[in-house]
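Enquirer: Dropping a prediction and its sequence here:
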Amino acid sequence: MLPMQQFEQLGLFYLGKRFDLATRQRRDDLVLYDAKDLVTHAVCVGMTGSGKTGLGLTVIEEAAELPILRPLIGMDKLEITDQAQQIGSFAISIEPDQDCCSLFTPPHPSTKTRLDDILKVERMFDVSALVKQGLDKIELSQFTFPL
């Protein structure tokens, strides 16, 4: 088996080991996916039953031209609050301040997303320039949880 560091590199995504359906045995060869063939993103959701969050996620998947990997982390609000208190970030998280929510949220946001609306707006952006700008400003941080 390859040591972790041989496939943990920029551009590769480790999915696991292959499984032989005929023999019902796990094989030793690894399933590595080329990262440029994937879209990854994280979403903090609190689905309340109105359907808007699920609809929004569906539209993202329909609009994306690549497969999407959406990591799922199962913590409720109290677990997140407890963790924030343990690591010392809770107090600053509740300070009143301008954040991206208050700075960039329009006064009357549309909450029912439609794919054709997204595609229309998306054509207005120079996506290549935005990607380049984002890549030019990458910062790498490493966190280990739980503490």
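Expert: Looks like it came in fine. It should be emphasised that the depicted structure is a prediction, and the values quoted were computed from it without experimental measurement.

Enquirer: what about the residue in the chain sticking out farthest from the centre, is that helix, strand or coil?
Expert: Each residue of the chain has a distance to the centre, and by C-alpha atoms, centre = their mean the biggest one is for T23: 35.1 Å. The local conformation at T23, judged by DSSP: H, G, I helix; E, B strand; the rest coil, is coil.

Enquirer: Got the phi and psi for it?
Expert: Backbone torsions of T23, given as degrees, to the nearest 10, read phi -100, psi -10.

Enquirer: separation between it and S141?
Expert: Counting by C-beta to C-beta, to the nearest Å, the gap from T23 to S141 is 43 Å. (Glycine included, C-beta is placed from N, CA and C.)

Enquirer: cool, and A64?
Expert: A64 is 26 Å from S141, by C-beta to C-beta.

Enquirer: With G54 instead?
Expert: Look at G54 and S141: by C-beta to C-beta, they are 31 Å apart.

Enquirer: Show me which of the two is the more surrounded one.
Expert: Set G54 next to S141 and count neighbours by other C-beta atoms under 10 Å: G54 wins out with 12 against 4.

Enquirer: show me where this protein has helices.
Expert: 52-63, 77-87, 90-93, 100-104, 115-122, 127-136 (DSSP state H).

Enquirer: Which elements pack onto the shortest one?
Expert: Put plainly, it is helix 90-93. For helix 90-93, the contact count by 3 or more C-beta pairs under 8 Å, 6 or more residues apart in numbering; DSSP states H and E identifies helix 77-87 as packing neighbours.

Enquirer: From the contact counts, what lies against the helix it packs on?
Expert: The helices and strands touching helix 77-87, judged by 3+ C-beta pairs under 8 Å, 6+ apart, are helix 90-93.
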